[in-house]
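Engineer: Return a 3D structure for these sequence lines:
(2 chains)
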Amino acid sequence: MQLTNRKVVVSNKEQSFAERLYLPAIIKGMIITASHLFKKSPTIMYPEQKRPIAPVFRGQHVLKLDENGAERCTSCGMCAIACPAEAITMTSGERKKGEEHLYREEKYAATYEIDMLRCIFCGLCEEACPKEAIFLTDRLVDTEFERKDFIYGKDKLVEKIDKRIDVSIRQTPEVLAFKKIPGLKHNELFDKKLNKGNKH
Amino acid sequence: MTAFLIYKALMCIGVFILCLAAAAYSTLWERKFAAFLQDRKGPSRAGWGGLLQPIADGVKMFMKEEIIPNVSNRSLFILGPCIFMITAVITSSVIPWAKPVMIGSHVYDLQITDINIGVIYLLGVASIGVYGIMIGGWASNNKFALLGAVRASSQMISYEIPMGIALIALIISSGGSLSLKEIVEGQDAGFANFVWQPLGFLIFFICALAETNRAPFDLPECETELVGGYHTEYSSMKLGLYLFAEYINMFISSAVLATLYFGGYNFPFAHELYEKLGLADGSVWISLIGFGVLIAKIFGFVCLFMWIRWTLPRFRYDQLMNLGWKTLLPLSLFNLALTVVVEFFRGNIHF
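Structural biologist: Numbers count the residues shown, from 1 in each chain, chains lettered A, B, ... in the order given. Have a look, this model is predicted:
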């Protein structure tokens, strides 16, 4: 079976005079290199010029605040369960009186850590989140000198009230509808946890 | 007398600065040209389009730590790069850069010295250049450096022979003078020597590539086989001198090629142009135009050198010797014989 037509049968025949002169071959080679002189270089001058990224690019995570500036995360742990790389850990805290402007619901994440070296940026945490709290953004994770610096806590993950991060491109109505499909595995787990095993 | 000394000193300094500047910017242009041939952009950060890159490279070279191996022969180790650099620079002294200028009643040659054995001087100084490599490689007390040095010296000695014979043919056809100035003047009215010596030019050009240790003849410093060749043990500005002298060599070789075979500062229809512009002989403008033409020719040759370097792979050592002794030497002898016959029928040789 022939897959390509690039097959060349090697022969050991004597070189002709023109071949032994080498000059025609050298000139041919030089014309090839010279033809590249007029080609456009594909270089992207990085800091000034950036490569376009896909609209659904999955980069560094953000923990969203709601419209009043309270944290949306309720520390349900769905993201940690969904995470195939086991990169997410959290501890829960209970909201006290007077903290309503900080946390949206009674339970909140006291600590929330993502190990950016473990994370594979698959986006399952975002898919699992029932509170629309965690999203992957188009930001790149910075480089660090030490491994421990790659464990991002709430200080880096929660968005700042004055520096909101737009995730509308990942939070379309279709996505919201998709997340509410009852047959999906994360919804099953969620239902079991909240409704104590009630079937829908 | 004082005026004469000042004029000679100015010429020396001017040509020296020209060589250094040309070599510095050849390093940049080499990198740029290689980048263009490979669909890249090359250095572009230092200055506009990378124009300050040679200065940055120089600073880098000077700031590097200077290491002299304690098993090396210290005085020879220092002497090596010095010889290489000096021989590279002093070859420029016989090249006529432009037509003589008339200032007042004095005629000033734009050439440091017009010795009547100019061509032999060039060959002789080029041969001394081998010592720079040989001494450097030997004094390093390193097997790779020594191998590189041995390769360099055998290569340069081998290729000097066809080069010399090609030059004899050139001198026969250009009227028998060894002075570079007279060779250039001889190409003023008629054709450039290239027309009468195409084969000789090819041989001389290949030998010039080999003499300057440029690819495909860069065996003395092939980093894939010999670490760095003869300059393996060198660091800091001594290494810088070796690398820099190589570019000066390339510049001077291009200048010699342009002078001997392509008419130097002459160009076709020069006299018609000067007449149209109303320039008298000895005018500064004629010299400036001629100098620009020579620099353009040199630039063309430098580009050709680089173009070849970024196209052809390196020779194997036995191939190199085969080419030198079995191809170029007989070919140059054939060229010499052919030249004698042709010149006899042109009536330039009388028995």
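Engineer: Show the low-confidence segments of the chain, by residue range.
Structural biologist: Since you didn't name a chain, this refers to chain A. Filtered on pLDDT under 70, chain A yields the residue ranges A:183-200.
Engineer: actually chain B
Structural biologist: Looking along chain B with the criterion set at pLDDT under 70, you get B:190, B:223-224, B:351.
Engineer: what does it put close to chain A?
Structural biologist: Residues of chain B that fall close to chain A, judged by C-beta under 8 Å from any C-beta of the partner chain: B:35-41, B:44, B:307-308, B:310-312. Backbone N, C-alpha and C define where each C-beta goes, glycine included.
Engineer: Would you list the buried entries among the residues you listed?
Structural biologist: Restricting the residues of chain B next to chain A to buried positions leaves B:Ala35, B:Phe36, B:Leu37, B:Ser44, B:Trp307, B:Ile308, B:Trp310, B:Thr311, B:Leu312, with burial counted as 16 or more other C-beta atoms under 10 Å in any protein chain shown.
Engineer: The last one against B:Asp218, yeah?
Structural biologist: Same thing as B:Leu312. No - with contact defined as C-beta atoms under 8 Å, B:Leu312 and B:Asp218 do not form a contacting pair (10.3 Å).
Engineer: With secondary structure as extra columns, can I get the residues of chain B next to chain A in TSV?
Structural biologist: What follows is the residues of chain B next to chain A, written out as TSV (DSSP: H, G, I helix; E, B strand; the rest coil):
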residue	secondary structure
B:Ala35	helix
B:Phe36	helix
B:Leu37	helix
B:Gln38	coil
B:Asp39	coil
B:Arg40	coil
B:Lys41	coil
B:Ser44	coil
B:Trp307	helix
B:Ile308	helix
B:Trp310	coil
B:Thr311	coil
B:Leu312	coil
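Engineer: With distance to B:His106 as extra columns, can I get those in CSV?
Structural biologist: As requested, the residues of chain B next to chain A are exported to CSV (distance: C-beta to C-beta, whole Å):
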residue, distance to B:His106
B:Ala35, 47
B:Phe36, 45
B:Leu37, 47
B:Gln38, 51
B:Asp39, 53
B:Arg40, 51
B:Lys41, 49
B:Ser44, 46
B:Trp307, 42
B:Ile308, 43
B:Trp310, 46
B:Thr311, 48
B:Leu312, 48
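Engineer: Specify the local secondary structure of the residue nearest to the spatial centre of chain A.
Structural biologist: Nearest to the geometric centre of chain A sits A:Arg58, at 2.4 Å (C-alpha atoms, centre = their mean). Assigned with three-state DSSP, A:Arg58 falls in the coil class.
Engineer: quick check: longest strand of chain A.
Structural biologist: Using DSSP state E, we find that the single longest strand of chain A is strand A:107-115.
Engineer: mind exporting that one as CSV, just the C-alpha atoms?
Structural biologist: The C-alpha coordinates for strand A:107-115 follow below in CSV (Å, rounded to 0.1, in the frame of the first residue of the first chain):
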residue,chain,number,x,y,z
LYS,A,107,-21.8,29.8,55.3
TYR,A,108,-18.7,31.1,53.6
ALA,A,109,-15.2,29.9,52.7
ALA,A,110,-12.8,31.0,55.5
THR,A,111,-9.9,29.9,53.4
TYR,A,112,-9.9,28.9,49.8
GLU,A,113,-6.7,27.7,48.1
ILE,A,114,-5.9,26.6,44.6
ASP,A,115,-2.5,25.1,43.9
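Engineer: Let's see the following helix or strand past it as CSV, backbone CA atoms only.
Structural biologist: Downstream of strand A:107-115, the first helix or strand assigned by DSSP states H and E is helix A:124-128. In CSV, the C-alpha atoms belonging to helix A:124-128 read as follows (Å, rounded to 0.1, in the frame of the first residue of the first chain):
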residue,chain,number,x,y,z
LEU,A,124,-14.7,21.6,35.8
CYS,A,125,-14.8,23.7,39.1
GLU,A,126,-16.5,26.5,37.2
GLU,A,127,-19.0,23.9,35.7
ALA,A,128,-19.7,22.4,39.1
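Engineer: now helix A:124-128, how far from the centre of its chain.
Structural biologist: How far helix A:124-128 lies from its chain's middle: 12 Å, per C-alpha atoms, centre = their mean, to the nearest Å.
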